[in-house]
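# The amino acid sequence is not available; the structure is as follows:
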C-alpha cells in the first residue's frame, strides 16, 4: 500500500493547514495541561471509565457543544463563500466537503449527543431510578459515538472529507463518481456512531419500562421522559435500516459490490429509499425529546401543570407512528407516479395534526399561568413562533405538486433549519439553562444568557428567512456560487450578516459556560426554579447514587405534589439503606478506541490490517463475557454523610428565582 | 427586558420582502400551464398558512403578554387545570379540516401535471429526450434528428414531452418558469410535460447536487414561434456537424461545455433510459485531493451491449 504522504495529510490549502496546526497545538496543550496538573489518574477514574449516567450525559453534552462549534464553523464558511456572487473564497470541491460535513455533524454529532446527553442526565432522575438499565452499555454507547465522531472529524485533515452531501446519494457517493476515500469516512464513521445510538435506544426503552420508582405509572411520567422513551422506540425501529444501508454502501465502496452503483444492476434510488426510511424518523428522534424539554420548561415557568397531558402523549405516539410512513416526500420528484405521491403527501400533512395539538397545549399551559421570563423560558417562547414558520412551510412542502417547485431549493433549506434550529437547538439551550444547576451545582448566568438568546434568535431569523425567498426565486441548495445577474446578492448578503450575529450568540453561550464555572454562586438550593419533577428532589449536583431513598410517586408532577403535601422531602436516619451500584469499567473506552482503529483502517481500505484489528473487538467482547464484577455497595455512613451535607445547607441558600 | 422582540425582525421584514420580491420571484411568475397550476396550489396553501400563522402568533402574543409575571401579580397562584376535552377536540378538528382542504387540490394537481396541460390537448406534443451528464445537458430531438448541448429550443404553444434520463449521476431537470422539476436517473426514464405559452427565454438548471461542476449545470430554454422553430431545425440540419459515437463519448466526460449543436442523435446507439443500456463511467477522471481508493474495474463498461431488448424494465 504505497501511500503518498502528500495525499494522506491534506496540504496546500491555507484554511486546512491552519486547522492542522491548531489541532496539533490544542492536543499538545491538553496533554501538557493534564500532565502538569497531574490529572491523568483523575481523568481515567472519574470520567473515562465512568458508568454514571450523569457523567456520561455530561460527556455527551461536551462533545455535542464541541461538534456544534465545528459544524457552525462549516456553516460560517459556507455563508462567507455565498456572501457575494462569484466569490472566490472556497472552490467547488472544498465547498462540497464543507456542506457535507456541516450536515452530518450537525445532525448526528451535535443534535444527537446534546439530546442523548440531556436524556442521560435527566431521564433516570425523572423516573426516580439510580441509573439506566445497562450502565456499562451506556458507557459503550458514548464511546462508540465519540469514536465515530472523531473518526469523521479527522477526515478533513487526513485523507480527504466526504463530499457527496449528508444524504450521500448514489450513484454520486459510489466509487464510480467519488473514487477518493472521503465517502468511506461517511460509511464507516456513521456506522460506528450508529451502533452506539442503537444501544442507547435499547437502553432507554428498558430503563423507562423497568426502572421506574414506586407509583411512577406510565401516565404519570414527566413529558420529557415520555418523549425520550418514544424517541428511543423510533431509534430502535429506524437505526437498523441505516445500519444495513451503510453496510451495503461499505461493500459497494470498499469491496466492489453493486447494490447502489449504476453498473452491475445496482439501484441508486434504493439508497435514497433506505436513507430516508431512517432519515425521516431521525428528524423525530431529535425533535421529540426537544418537545419534551419545552413541555418541562413551559410548565415549570408558567407555574402550571401541562395542559392536556393525555393528548400530548397521544400526539407523540401519533407522530412516531406517522414518522415511519412519510419518507417518500423527500423525493416526490423521482417520478414515482401520481398515486404514490398523493399517498405520501397525505401522510406527511397528517403530521401537522398532532403537532398542532401540541402547539395549542403549550399555549394553553401558559394561559392563566404566571410566566417567568427566565432564559430557559425565553428559548421555549421563541420556539413557538419560529417553529410555526417551520411547520407551515413544511405543510407547503408536503403538497407533492407544489414540492416540484420547492424541491432542492433554498426554500427547503430554510424550512428544515426553521424546524431543526427552533425545534432542537432552542430546546437544547432551554434544557441547558434549565438543568445546568442539576448537573454542575451552579446556574448559568441569566444576564449573559439573555445576550446569548437575543443574538442567537435574531441572527437565526436573519440567516434563514431570506432563504425562503431566494428559494422561491430559483436559488438552489448546495451550489457554491451564483451569478451576479441572478439578483440573489442582497438576500445572500443579509443571510451572511445573520449568520455572524448568530455566531456571536453562540460565543456568548461559550463565555457564559466559562464565566459561570468560575464565578457563579455555588450556594444554591437543589430546587432553584421551584420545579415540578423528581430530578429536583435530590441534590445539585446530583450525588452518584441519585436518591438515598427512592421517592414514591402519587401524582403527575411528582415533586410538585411532594412539596404541596410536604411528603417525602426529609430523610430519617433509619430510612437509609445500603445502595448497590455498578462498578466503573475501562472496557467501553477500550472498545471505542479499537473500533476507531478498525474503522480508520477500513476507511483507507487496508483490509488485512482492518481484519487484524477486529480481533481486538472480539477480544473486548470475550473479556466482557467473562466479567463477573457485580458492582459494589455504598455504606450507610457514607450515604448519611452525603445526604446531611446538602440537606443541612439547604436552609440558607440563595434562590435565584423569586 | 422582554417584549417579544424576536417577533419584531420576523414580522418587520417578512412583508417587506414579500412586497419587494413577490412579483419578480420566478415561482410566482409562471410562463406556462404547468407552472401556473402549481402556483394556484401554492397560493391556495398560502392562504391557509397565513391564517395559521396569524392565529397562533396572535394567541401567543396575547397569552404571553397577559400572563407574564410582573411585580403586581406576585401572589397570583395559577390554577391546576388538567386540560379541556372540548378545546382539544376543536384544535384537533381544525387542522384535520385544513389538511383536507389542502389534500384535494394537491392530489388533483399531482394527477393533472402528468398529462398534456388543459387547453393544449388538440396540439400534438413533440418529444425531446433529455440526457444529463456531468456537467451538461444533452437534448435529443428524435423527430427532428438533431441534438443540442446546454440549450433547448421548443415551439411555443406546443406541449413538449421531455423524456428524462442521465448518463451517470442523478440530476434534477427544472425550468421553474415553465413548471416543476423531475429527477434524471441512469437506466431509468422519467417524463415531464412542459409548455411555454408564448415565445421567450427561460433559465433551466439542475437542482440535484452531483459533484464539482454542479453549480454551473444551467441551460436555456428558448420558446420560438412554430415558424421560427421550423426554420431553426432546418438551419441546424444544413449546417451542424454530425454527432459521431466518438464525439459523444467525449461529451460524456466530466467537463463544462458551452452550447453545441449536432445533426443526428445519440439515440441511434444508446438510450441511457433503458435498463440494459451501456454504462459510461470514467472514475479516474473524478479524482480530487486526498487519498484515492481502489477503483473497481467494470466489465460491462467497455463491452458493447445490445440494448435492443431492454425496453421492458424502464421505470417511469
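Alright, I've got the coordinates. As the structure is a prediction and not an experimental result, all values here were calculated from the model.

# Report the secondary structure state of the closest residue to residue A:127 other than its chain neighbours.
Leaving aside its chain neighbours, residue A:127 sits nearest to residue A:212 (4.5 Å; criterion: C-beta to C-beta, 6 or more residues apart in numbering or on different chains). In this view, the C-beta of every residue, glycine as well, is placed from N, C-alpha and C. Classification of residue A:212 using DSSP: H, G, I helix; E, B strand; the rest coil returns coil.

# isn't residue A:212 right up against residue A:126?
No. Residue A:212 lies out of contact with residue A:126 (C-beta atoms under 8 Å); the separation is 9.5 Å.

# before we move on, back to that, count the residues that sit near the residue nearest to residue A:127.
The tally of other residues near residue A:212 (other C-beta atoms under 10 Å in any protein chain shown) stands at 21.

# quick one: low-confidence parts of the stretch 201-316 of chain B?
B:298-316 (pLDDT under 70).

# For it, what lies in contact range of chain A?
For the stretch 201-316 of chain B, the residues in contact with chain A (C-beta under 8 Å from any C-beta of the partner chain) are B:203, B:205-215, B:279, B:281, B:283-284, B:286-296, B:298, B:300-301, B:315-316.

# if we can go back for a sec, in contact with the residue nearest to residue A:127, which residues?
A:127-129, A:221 (C-beta atoms under 8 Å, 6 or more residues apart in numbering or on different chains).

# all strands for the stretch 51-200 of chain B, in order.
Listed in chain order, the strands of the stretch 51-200 of chain B (DSSP state E, counting those that start in this stretch) span residues B:126-133, B:136-141, B:146-149, B:151-155, B:160-166, B:171-174, B:182-184, B:190-194, B:200-206.

# I'd like these as JSON lines, with distance to residue A:217 and mean neighbour count appended.
Listed next are the strands of the stretch 51-200 of chain B as JSON lines, based on distance: least, C-beta to C-beta, whole Å; neighbours: other C-beta atoms under 10 Å in any protein chain shown:
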{"stretch": "strand B:126-133", "distance to residue A:217": "58", "mean neighbour count": "23"}
{"stretch": "strand B:136-141", "distance to residue A:217": "62", "mean neighbour count": "24"}
{"stretch": "strand B:146-149", "distance to residue A:217": "68", "mean neighbour count": "22"}
{"stretch": "strand B:151-155", "distance to residue A:217": "66", "mean neighbour count": "22"}
{"stretch": "strand B:160-166", "distance to residue A:217": "56", "mean neighbour count": "23"}
{"stretch": "strand B:171-174", "distance to residue A:217": "51", "mean neighbour count": "28"}
{"stretch": "strand B:182-184", "distance to residue A:217": "49", "mean neighbour count": "28"}
{"stretch": "strand B:190-194", "distance to residue A:217": "53", "mean neighbour count": "23"}
{"stretch": "strand B:200-206", "distance to residue A:217": "55", "mean neighbour count": "20"}
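
# Residue A:237: which of the ones you listed is closest?
strand B:182-184 (27.6 Å; C-beta to C-beta).

# can you list the domains in the chain?
Since you didn't name a chain, this refers to chain A. Listed domain ranges for chain A are A:1-38, A:39-652 (source: automatic domain parsing).

# sorry, should have said chain B
B:22-67+B:85-114, B:126-286+B:295-310.

# Take those and write them to TSV, including distance to residue A:570.
Formatted as TSV, the domains of chain B follow (distance: least, C-beta to C-beta, whole Å):
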stretch	distance to residue A:570
domain B:22-67+B:85-114	34
domain B:126-286+B:295-310	62
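
# Point out the most buried one among these.
Counting by mean count of other C-beta atoms under 10 Å in any protein chain shown, domain B:126-286+B:295-310 has the highest mean neighbour count of the domains of chain B, with a mean of 20.

# list the residues that contact both of residue A:212 and residue A:126?
residue A:221.

# How about the helix or strand harbouring residue A:143 and chain B, touching?
Applying DSSP states H and E as the criterion places residue A:143 in helix A:135-153. No. If you take C-beta under 8 Å from any C-beta as the test, helix A:135-153 misses chain B, and the best it gets is 14.6 Å.

# From the contact counts, what lies against the helix or strand that contains residue A:227?
In this structure, residue A:227 sits in helix A:223-250 according to DSSP H and E. Applying 3 or more C-beta pairs under 8 Å, 6 or more residues apart in numbering or on different chains; DSSP states H and E, one finds that helix A:223-250 makes contact with helix A:112-126, helix A:182-210, helix A:268-302, helix A:309-323.

# Tell me how many other residues crowd the residue lying closest to residue A:546 once chain neighbours are set aside.
Closest residue to residue A:546 apart from its sequence neighbours, by C-beta to C-beta, 6+ apart: residue A:130 at 4.9 Å. Other residues lying near residue A:130 total 21 when counted by other C-beta under 10 Å.

# these two touch, right, residue B:269 and residue B:245?
Yes. Look at residue B:269 against residue B:245 with C-beta under 8 Å: they come within range, at 5.7 Å.

# Quick check, pLDDT for residue 153.
Picking chain A for this. Per-residue pLDDT puts residue A:153 at 92.

# Chain B was what I was after
pLDDT, read off for residue B:153, is 96.

# Give me the nearest residue to it, chain neighbours excluded.
Residue B:153 sits nearest to residue B:222 (C-beta to C-beta, 6+ apart), 4.9 Å away.
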